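[1] structure for the following, please:
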Amino acid sequence: MRESIGNAFILNIIIVFIIVFIIIFAGSASYSKGARVRDSIIDILVQNADEIGADSTRLPDSVEQKIDDELRTIGYRVNPNGTQNCVLPNDSEVSGSSTVGSSGQDKNRAVLLTPTSHYRYCVWRIPAERGYYFKVVAYMYFDFPIISAIEYPIAGESRIIYDTVQYSY
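    Model (predicted):
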């Protein structure tokens, strides 16, 4: 009788470890997908910074289409109603944020460039001392059958895009 109780206890421990490892692997895969989305969006924004401009209040349609095409290729979650709930995060609240443009940033002057989108991500243009930079928030998702999806933000910043210098002679 003791052996059967001992075997059941060991089997329960093994099952718990298997569940923990599955959760760790699923979280790792979900985080890497969210980080890939964030990095792809930042790359597209930096490559098309001259098209976006320092005074725009929305992303141009061509840039938004490039981002949508890339996210479709990655297999990112579609935003069915198109509305966004974007709140500019502090660097301490969101993982994955860099300190490229953090010194001297004025978050009160940040401009949300994606009030609506086909995918769930947020892009802000934040003024810096000599130009501006983009802050991007993408989300990683955990889907549970009974509970709705849990999303966790992953933020990142681009390098500073310098304004053109106007010389007067």
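
[2] what about the longest helix in the chain?
    helix 2-47 (DSSP state H).

[3] C-terminal to it, what's the next element?
    Using DSSP states H and E, the helix or strand that follows helix 2-47 in sequence is helix 49-52.

[4] ok so, going back, pLDDT on the longest helix of the chain, on average?
    In this model, helix 2-47 has an average pLDDT of 89.

[5] that helix packs against which elements?
    helix 61-74, strand 131-142, strand 150-157 (3 or more Cβ pairs under 8 Å, 6 or more residues apart in numbering; DSSP states H and E). Quick note: C-beta positions are derived from backbone N, CA and C, even for glycine.

[6] following element in sequence after the last one, please.
    Reading on from strand 150-157 to the C-terminus, the next helix or strand found by DSSP H and E is strand 161-162.

[7] cool, the longest one as well?
    Toward the C-terminal end, the helix or strand that comes next after helix 61-74 (DSSP H and E) is strand 111-112.

[8] what packs against that next one?
    Contacts defined by 3+ Cβ pairs under 8 Å, 6+ apart place strand 111-112 against strand 122-127.

[9] how close does the most centrally placed residue in the chain get to Pro127?
    The residue lying closest to the centre of the chain (Cα atoms, centre = their mean) is Ala138, at 1.8 Å. Note on Ala138: its distance to Pro127, by Cβ to Cβ, to the nearest Å, is 22 Å.

[10] repeat that for Asp39.
    Taking Cβ to Cβ as the measure, Asp39 falls 23 Å from Pro127.

[11] CA-only coordinates of stretch 27-39, as CSV, when you get a sec.
    These are the backbone C-alpha positions of stretch 27-39, laid out as CSV (Å, rounded to 0.1, in the frame of the first residue of the first chain):
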residue,chain,number,x,y,z
GLY,A,27,5.7,32.2,-22.1
SER,A,28,9.1,32.2,-23.8
ALA,A,29,7.6,31.7,-27.2
SER,A,30,5.0,34.4,-26.6
TYR,A,31,7.6,36.9,-25.4
SER,A,32,9.8,36.3,-28.3
LYS,A,33,6.9,36.8,-30.7
GLY,A,34,6.0,40.1,-29.0
ALA,A,35,9.6,41.3,-29.0
ARG,A,36,9.9,40.4,-32.7
VAL,A,37,6.7,42.4,-33.4
ARG,A,38,8.1,45.4,-31.5
ASP,A,39,11.5,45.3,-33.2
